[in-house]
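Engineer: heads up, no residue letters with this:
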């Protein structure tokens, strides 16, 4: 015999909703940890690619100019300030209230001690 709404009995729609909260929290924590690790790995790859592009650009400029001029840029190992929203390097010059790439408002976060 079916239910008055026309569905057969024993559909089992509450089975997934009745899980224990502890199991759900541990699964959420595991997913969060895996995603955090992937994000960190991707951010490292972005930093490495930016460094590679920066070195290639300076090599191309030196090749065009003959390589005689000394570079007046900063040391290649010195990290540039990054946007906390999109993690892209901020351009040189005066910094406004928002990121030029993603529009993140810098006033939304505190500055880190010892970092820019």
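Structural biologist: Okay, I see it. From a predicted model like this one, the values you see are computed outputs, not experimental measurements. Numbers count the residues shown, from 1 in each chain.
Engineer: in this protein, which segments are predicted with low confidence?
Structural biologist: 1-23, 67-76, 112-116 (pLDDT under 70).
Engineer: Domains in it, by residue range?
Structural biologist: 18-69, 78-116 (automatic domain parsing).
Engineer: Next, work out how far apart residue 52 and residue 102 are.
Structural biologist: 22 Å (C-beta to C-beta, to the nearest Å). C-beta: built from backbone N, CA, C; applies to glycine.
Engineer: ok, now residue 85?
Structural biologist: 5 Å.
Engineer: Sticking with residue 32, tell me its helix or strand.
Structural biologist: Per DSSP states H and E, residue 32 falls inside helix 21-65.
Engineer: other SSEs contacting that helix?
Structural biologist: If you count contacts as 3 or more C-beta pairs under 8 Å, 6 or more residues apart in numbering; DSSP states H and E, helix 21-65 packs onto no helix or strand.
Engineer: hang on, the earlier thing: give me whichever of the domains of the chain is most buried.
Structural biologist: Highest mean neighbour count among the domains of the chain (mean count of other C-beta atoms under 10 Å): domain 78-116, with a mean of 12.
Engineer: got the contact list for the nearest residue to residue 104 once chain neighbours are set aside?
Structural biologist: Nearest residue to residue 104, sequence neighbours excluded (C-beta to C-beta, 6 or more residues apart in numbering): residue 85, at 3.0 Å. Residues counted as contacts of residue 85 (C-beta atoms under 8 Å, 6 or more residues apart in numbering) are 99, 102-104.
Engineer: give me phi/psi at residue 85?
Structural biologist: Dihedral pair for residue 85: phi -80, psi -50, per degrees, to the nearest 10.
Engineer: Check the gap between it and residue 29 for me.
Structural biologist: 25 Å.
Engineer: got it, and residue 84?
Structural biologist: 24 Å.
Engineer: got it, and residue 104?
Structural biologist: Separation of residue 104 from residue 29 (C-beta to C-beta) stands at 27 Å.
Engineer: same deal with residue 42?
Structural biologist: Distance from residue 42 to residue 29, by C-beta to C-beta: 20 Å.
Engineer: cool, residue 89 as well?
Structural biologist: Residue 89 sits 32 Å away from residue 29, going by C-beta to C-beta.
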